[in-house]
Every structure is written in structure tokens, then in C-alpha cells.
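*Asks:* Fold the following for me, if possible:
(chains A and B, ligands or ions: 3)
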Amino acid sequence: MAEALLEIRELHIGFEVYGGTLKVLNGVDLMVREGEKVGLVGETGCGKTTTAKSTLRILPMPPARISRGEILFRGADILKMGPKEIRRVQGQGISMIFQDPTAALNPVFTIGEQLMDAIRYSNSQEALGRREIRARAIQALKDVALPDPERILECYPIQLSGGMRQRVCIAMAIATEAELLIADEPTTSLDVTIQAQVLRLLGNLVQEKEASTILITHSLGIVREWTDRVYVMYAGGMVEAAKTREIFARPLHPYTQLLMRAVPKLTGEGIAEGIPGRIPDYLNPPPGCRFHPRCPYAMPICAQERPPFFPRGEDHQVACFLYKG
Amino acid sequence: MRLLIFLARRLGYSIFVLLGLSILVFLIARVMPGDPARMAMGPRAPEWVVERFRTEMHLDKPLYVQYYYWLRDALQGKFGLSIYTRRDVSQDIGEFFPATMELALFAGIIMGVFGIVLGVVSARYANSWIDNSVRVITYMGVVTPAYVFAILFLLLFGYVLNLLPTTGRLSPGVPAPPTRTGLVTLDSLLAGNFTAFFDALKHLIMPGIALALGGLSQEARITRASITENLQRDFIALERSQAIPERVIMSKYLLKLSLIPTVSILGLDFASLLGNAFLVEMIFNWPGMSRYGIHAMLTKDLNAIVAVIMIFGVIFITVNIIVDLVVSWLDPRIRLGAERAK
Ligand SMILES: Nc1ncnc2c1ncn2[C@@H]1O[C@H](COP(=O)(O)OP(=O)(O)O)[C@@H](O)[C@H]1O
Ligand code: SF4
Ligand SMILES: [Mg+2]
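*Replies:* Ligands and ions are numbered 1, 2, ... in the order given. Here you go, the predicted structure:
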């Protein structure tokens, strides 16, 4: 079995806001092995983006506060790294594609300026010359099938369509040849008509580069097609982790089961609203298992203790007291 | 090219604005109570002298004819005679205006530079004691009128500590440098006369800072707010995730974007600075436009009133064109948006 590239253990993150602390991440566990494609699914607001950003140490602090946990990248704790080490991880360890490319690009600088700085500073070992950086930038834009890359370098984000902006962001992420690529709902903010195109492009690039990948998405269909393993997240914690085929064949956690059932059978797309109840309030989250107010099988212990991951067969874990012992 | 089109269009608009302004001021000055001919000739002048003056100044004609005469002369740079100084208004303004301009420019530079620097420092050390003090001080700066600062400075640094001169532009013993720009500091530098330069600078400090503080505080607060807000944005997270050093993110990516609201409001702050200059000039006995302007109002010196206001109108428009140029240089969304709208 391949070694762990990234391992998040017991991560707790809160956001200090007016009126208290939003206790968002509640002991997140996640592991990505070398070369593995991992899916991360869960409703909006469950903490997927927060988890992803924490691995690059780019959460805005304040308001974010990491109260507990570790994030190991090749065994070294990202949360304890000095400036040099963390920059090495940011440069060539992990790169991320953001949910909304319009928010992720600086509106007052050209694409070229931003893309070339990304390339320049990601390569911390060798200092690249201007011409080399420019050549790599143009190659990166070609890799994401953008026409006329020379012209796009001179453009400001406002001059590009949403789909083109996301291609630029993908170009930034792959240009640095990081070992782990995190794609955070890379198509949710795009027009429905171009979502498929961008996804196909990203899919091909991921296959080609053979980098480890975390794909965050709403779409179970894409997870099924692309990933080796899946994490299901609910209200700031992982509730189930298993091989992709296994989880679709044998979902164990009550939340996963509801999630699968909520999916319209034919299209296999999207997480529907068919689950009763709402995501809990992070100011006053329910004690114990955060799913217990909505869980059809809730027991007394569920309101008192937080269920840890219980192993169930090879590479299958469930955070639910139904599977204790 | 794009710049030339922008400038041409702005100048075109400005002409209309100035025309409108001149009509407005022209009318208001003339409907104010009081007979300007009588006021000019004095209460004991015989009626026929007053009548003759009225005819000479076209004050007996209908308003639109008067305006026509005024406009015809104004286009040739002639603003008529002042009935108070009995001299050409343009000449009067040439004499008083540079003093006001020197004070306003000095205050404007202090306002812009220190406002931005304080805002950046405050944001950089957000929620530390530095930031908290800056926030308290700038809050006081925003709510306190310039003349209050002027009087406080005058009492404290002028009389109690006796550190700085309290009146005029130069100390009595210091000979004035030959006039080239009319700005004493600049003229002394051009003449290589450093004694006069430092003396003039000392005279500028108190009125200049008193004038600058309100706008400076506003700029600092806006800069701080926009930096801290932009720090939360996703593109900062993306830039950080690309191992771009923090100093590059701060001084390049964050600063350019965050200065847009600050620069946008500089034009307005400069306008209110010019307005406040009236009282501050009075307090420091500064030989600028304020004394001239106020006297013109009180004596119903029609030509002087209109000319003073037109001068301020031109300055206001110029400053705003400069501000717009800088903003559209900072913000491609405005530049490109305007282009697309064509
Ligand atoms: N900058 C922030 N300030 C305050 N709260 C935040 C911030 N970012 C995220 N949160 C909170 O964290 C929760 C999870 O957000 P996020 O990680 O973006 O979820 P997801 O990506 O799964 O939709 C949200 O409910 C939100 O309230
Ligand atoms: S731990 Fe209890 S409440 Fe939570 S999912 Fe399992 S049965 Fe439901
Ligand atoms: Mg998200």
C-alpha cells in the first residue's frame, strides 16, 4: 500500500465572529496516499473549503483559529512549520483550485502578472529567468486549451468569461507541478453549459499528471467516475470513508445512506434537499454526534459522545455508534 | 490615445459644468440684497455719481445682457474691476491665490501621504495597540473641525511653547525670494535661499496640518478598512497558496486594490480642505484668498465674488480629473468598463 502523502488528524477549527465562535471543523480526519484520487462530498457549509484551505495554511486569521489537530504532509506538521518550509509546501507540495474563479483572481492585475508570479515563486529551488517564466505561463495556458495565450496574458480577469477564468486558475494550479492537487468544487460557479467541458479538461489533466488529487464536489456522479476513495463530510467532521465502489455498493453511515437515496437515480448528479432537518448552527452545535438531531437511528449515547471512526472491512471507516464493536 | 480621449471628454464636460456654475454664481451674487453701485460709491455720494457708475458697470442692463458682457470678458481672462480694491480682479487673484494654493497643496500632500501610511500601518498591525491608537486618533480627527485644531495649535505651539510662528508666510526679518511660482517655499528653493525656505516651511506647518487632519483621518480609516476587508478575499488566499512572499502580496497585490477607495475620496477631501482654508487662513492671518473672498461677499463686490468662486470651481474640476485618472489607472474594471460602454 502506498504511503500517506497528506494526513489530517483531529483537526478543530473555529471562526471568531461577533457573538462567539463558530465551531466549524470538529475533529476532521483525512488521509491521501501517494498517487491517490480522493473525493470529498458533503452539503454546502459542512466545512470542505475550510478543510482544504487549512492544508495550505491560507485561512484568513483572524477570524479563523485552529485550536487542535495536526496536518501532516510527508510526515511533517504543516501547522508547526517555519516560513521556509511552509513556502516549500505551498510552492511544490500542494496546489489548489478554488470554488469561484472570479473571487480567486485579483481584479486589478493582468492574468500574466498573476500566473507568472505563481510560477516564479512556486519554484523556490531554482531562480527562473523572465523568459523561461513567460514560456511556462504560455505553455500552461495552452495545456488548459485557452486560445491565443499571448493575448490572454495581457487580459484582466474582467475581460474573460467565467469558464476562461477557471481555466486560468487550473493553469496556475498545474503549472507548479505540485504533488497534491486540491480541486474545490471547480465547476459549481460556472454556467451549466460549460461545466462538463471544464470538468473533462480537469479530468484529463489529472490523469495525465498522475498527481495525488482531492476532488471536492457535490456531484456523486463525478466522484464515482473519477475517484479511488471517498470521504463523506457532515457538519465539520468526516462521517464515512471508503473505496469509491464500496461506498456506493454498501453505504454504512445513516447520513451517507440518506445522501445516496436523495440522489435522483438516473442522472446521478447533485446532493438533493431530500434529507430532513438542517445543518446545525455552528455557534451552538449539537453535542455528541452532530447528526443526531436528524438521525433516524439516534440512541442515547449519540447525544453524549462524538463517535470516532470505527473500522469496517478493508479501508472502510464509519463514525457512527451503530458500528461500534 | 485612450488617455487623450478620456481627457478630451472630461474637458468637454468641465466646460459645461463651469458655464453652469458661472450662471448660478452670477445670478446669486446679483439677487443678494444690497445695491452694489451704492455700496461701491459710499453712502454720501450724490445720486448722479452712483447712476454713472451703474451705467459704466452695465448694472442697469437686464441680467442676461450683463452675463453676456461678463462672459465675453471672462473668455479673454478679464474678470472686471473689483470695487473694493479698485483693481483688476485678475490681478488681485494673482496676488492672493498663490498663498492659498501653497497652503492647500502642502496640506493636501500631508493628507494623502500620511493618511495612506497611517492606514497601512494600522491595518498591518490590526487590533494591536498601534492600530487602536490610530483608530481613536483618526476618529477624533474626523469629528473635529479644522478651525478647532488651528486654534489649539496656535495656542499650544505658538504661544505656550513658542515653537512655531503664528502669522503670515515669512518672518519679518526674512527677505522674500523673487516671485516666480508665487509659492514662497518653491521660490526660495529656486533662488537657492534656504533660510527663506525653512522659514516659509515653518509658517506652513501649523495651518497646513490643521487643515490636513480631517481628510488625513478619513483617508487613514478608509485605507485601513479596505485593506482588512481585502485581506479576507479569496485571491489573497490563492496568492498565499502559491508561495508568493507576504511582502509581495502586501505591497503589490493588496495595496493597489486597497488604494482605490482612498484615492477616490481624495478629491472630495481636497475640496473640503479648500473650504476649511477660509477659516484657517483667518486664524493664522494667512494672506490668501479667504480675506479677499470674505470681503468681497460683505461689500457685494460682484466681479470679485464670481471670480473667486470660478477659481475654486476650476481647481475642484482639475483635482477631480486627476483623481479619476489615477483611479482608472489603478482599476482596470473602470478603464475597461468605460471602454466597453462606448
Ligand atoms: N471567513 C469566515 N468567517 C466566518 N465564518 C466562516 C468563514 N469561512 C467559513 N466560515 C464558516 O464555516 C462554515 C463552513 O464553510 P466552508 O468550509 O466554506 O463550507 P463548504 O466549503 O463545505 O461549503 C460555513 O458555515 C461558514 O459559516
Ligand atoms: S452516531 Fe448515532 S446519531 Fe450519529 S449517525 Fe450514528 S446512530 Fe445516528
Ligand atoms: Mg466550499
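*Asks:* Which residues of chain A lie near ligand 1?
*Replies:* Residues of chain A lying close to ligand 1 by CB under 6 Å from any ligand atom are A:15, A:17, A:22, A:24, A:42, A:44-50, A:60, A:63, A:282. All C-beta atoms are positioned from the backbone trio N, CA, C, and that covers glycine.
*Asks:* mind checking pLDDT for B:V120?
*Replies:* pLDDT, B:V120: 92.
*Asks:* Can you identify the helix in the chain that spans the most residues?
*Replies:* Answering for chain A, as no chain was given. helix A:192-209 (DSSP state H).
*Asks:* Sorry, I should have been clearer: chain B.
*Replies:* helix B:194-231.
*Asks:* same question for that helix, mean pLDDT?
*Replies:* Taken as a whole, helix B:194-231 carries a mean pLDDT of 89.
*Asks:* ok, that helix near ligand 1 or not?
*Replies:* No. Using CB under 6 Å from any ligand atom, we find that helix B:194-231 stays clear of ligand 1, coming within 10.6 Å at best.
*Asks:* Surely A:E240 is in a helix?
*Replies:* No. Assigned with DSSP: H, G, I helix; E, B strand; the rest coil, A:E240 falls outside any helix and is strand.
*Asks:* Please tell me I have it right and it contacts A:Y231.
*Replies:* Yes. Between A:E240 and A:Y231 there is a contact at 7.4 Å, judged by CB atoms under 8 Å.
*Asks:* quick revisit: any of the residues of chain A next to ligand 1 buried? List them.
*Replies:* A:15, A:22, A:24, A:42, A:46-50, A:60, A:282 (16 or more other CB atoms under 10 Å in any protein chain shown).
*Asks:* hang on, the earlier thing: alpha carbons of the longest helix of chain A, in PDB - could you do that?
*Replies:* Output in PDB follows, covering the C-alpha atoms of helix A:192-209 (Å, rounded to 0.1, in the frame of the first residue of the first chain):
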ATOM      1  CA  VAL A 192     -24.200  24.700 -16.600                       C
ATOM      2  CA  THR A 193     -23.300  24.600 -20.300                       C
ATOM      3  CA  ILE A 194     -19.600  24.700 -19.800                       C
ATOM      4  CA  GLN A 195     -19.300  22.700 -16.600                       C
ATOM      5  CA  ALA A 196     -18.900  19.500 -18.500                       C
ATOM      6  CA  GLN A 197     -16.100  20.900 -20.700                       C
ATOM      7  CA  VAL A 198     -14.100  22.200 -17.800                       C
ATOM      8  CA  LEU A 199     -14.600  19.000 -15.900                       C
ATOM      9  CA  ARG A 200     -13.400  16.900 -18.800                       C
ATOM     10  CA  LEU A 201     -10.300  19.100 -19.200                       C
ATOM     11  CA  LEU A 202      -9.500  18.800 -15.500                       C
ATOM     12  CA  GLY A 203     -10.100  15.100 -15.600                       C
ATOM     13  CA  ASN A 204      -7.700  14.600 -18.400                       C
ATOM     14  CA  LEU A 205      -5.000  16.800 -16.800                       C
ATOM     15  CA  VAL A 206      -5.400  14.900 -13.500                       C
ATOM     16  CA  GLN A 207      -5.000  11.500 -15.300                       C
ATOM     17  CA  GLU A 208      -2.000  12.800 -17.300                       C
ATOM     18  CA  LYS A 209      -0.100  14.300 -14.400                       C
END
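*Asks:* what pLDDT, on average, does that helix get?
*Replies:* 81.
*Asks:* neighbouring contacts of it?
*Replies:* A:37, A:97, A:143-145, A:162-163, A:166-167, A:170, A:174, A:177, A:181, A:183, A:186-187, A:190, A:213, A:222, A:225-226 (CB atoms under 8 Å, 6 or more residues apart in numbering or on different chains).
*Asks:* and A:R136, how many neighbours does it have?
*Replies:* By the criterion of other CB atoms under 10 Å in any protein chain shown, A:R136 has 20 neighbours.
*Asks:* oh, I was asking about B:R180
*Replies:* B:R180 has 10 nearby residues by other CB under 10 Å.
*Asks:* Contacts only, for it.
*Replies:* B:186-187, B:190.
*Asks:* from the chain's centre, how far out does stretch B:204-218 sit?
*Replies:* Chain-centre distance of stretch B:204-218: 12 Å, with CA atoms, centre = their mean, to the nearest Å.
*Asks:* And stretch A:200-209, by the same measure?
*Replies:* 16 Å.
*Asks:* One more: stretch A:140-156?
*Replies:* On CA atoms, centre = their mean, the centre of stretch A:140-156 falls 26 Å from the chain's centre.
*Asks:* hmm, who's touching that stretch?
*Replies:* A:107-112, A:115-116, A:119, A:134, A:137-138, A:160, A:164, A:167-168, A:170-172, A:174-175, A:201, A:205, B:332-333, B:336.
*Asks:* Show me how to select, in PyMOL, the buried members of the residues you listed.
*Replies:* Applying 16+ other CB under 10 Å to the contacts of stretch A:140-156 leaves a buried subset, and the PyMOL line that selects it is:
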select buried, (chain A and resi 107+108+109+110+111+112+115+116+119+134+137+138+160+164+167+168+170+171+172+174+175+201+205) or (chain B and resi 332+333)
